[in-house]
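Asks: Need a 3D model of the following:
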Amino acid sequence: MKSMVSFDEPAAVLRELGARVRAARLLRNDSMDVFAQRIAVSVPTLRAIEQGIPTVQIGSWLNALWALDRLDDLKSVLEPRASLLERARLARQPLRQRARRRPS
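Replies: Numbering: from 1, shown residues only. Below is the predicted model:
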């Protein structure tokens with residue numbers, strides 16, 4: 001019997017994010033029509049965002065975050081992480097210098 005990959009955790013995160021988008025939209029007192037126009041999507045797409053449906057394009061999510069003034073919250077996503085040992089090794093390395101131009 002084949003085992004299926006489970007994406008329960010990502011699905012739960014998307015549902016939670018969608019609920020947060022909906023709550024923020026309601027807090028702004030925006031109707032679905034108005035907010036959908038603001039982020040350049042259809043009402044069904046906005047509904048899919050708010051339900052956390054995983055097939056919604058990431059650009060639509062980013063537009064929603066931008067409209068809610070929350071786009072900066074993504075700046076730390078996938079920032080490089082260095083271990084303590086890696087940071088110590090990098091601190092000991094001399095900074096790389098640019099190559100000098102060769103005389104013509």
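
Asks: and the helix or strand hosting residue 34, how far from the chain's centre?
Replies: Per DSSP states H and E: residue 34 is located in helix 32-38. Offset of helix 32-38 from its chain centre (CA atoms, centre = their mean, to the nearest Å): 20 Å.

Asks: And for the next helix or strand after it, what's in contact with it?
Replies: Next along the chain after helix 32-38, taking DSSP H and E as the criterion, comes helix 43-51. For helix 43-51, the surrounding residues in contact (CB atoms under 8 Å, 6 or more residues apart in numbering) are 15, 18-19, 21-22, 25, 32-33, 35-36, 39, 41, 55-56, 60-61, 64. C-beta here means a position set from N, CA and C on the backbone, and glycine is covered the same way.

Asks: Just give me how far the helix-or-strand element of the chain with minimal mean pLDDT sits from the chain centre.
Replies: Least confident helix or strand, the chain: helix 84-92 with a mean of 77, by mean pLDDT, DSSP states H and E. With CA atoms, centre = their mean as the basis, helix 84-92 stands 29 Å off its chain's centre.

Asks: Longest helix in this protein, please.
Replies: Selection of the longest helix in the chain by residue count, based on DSSP state H, yields helix 8-27.
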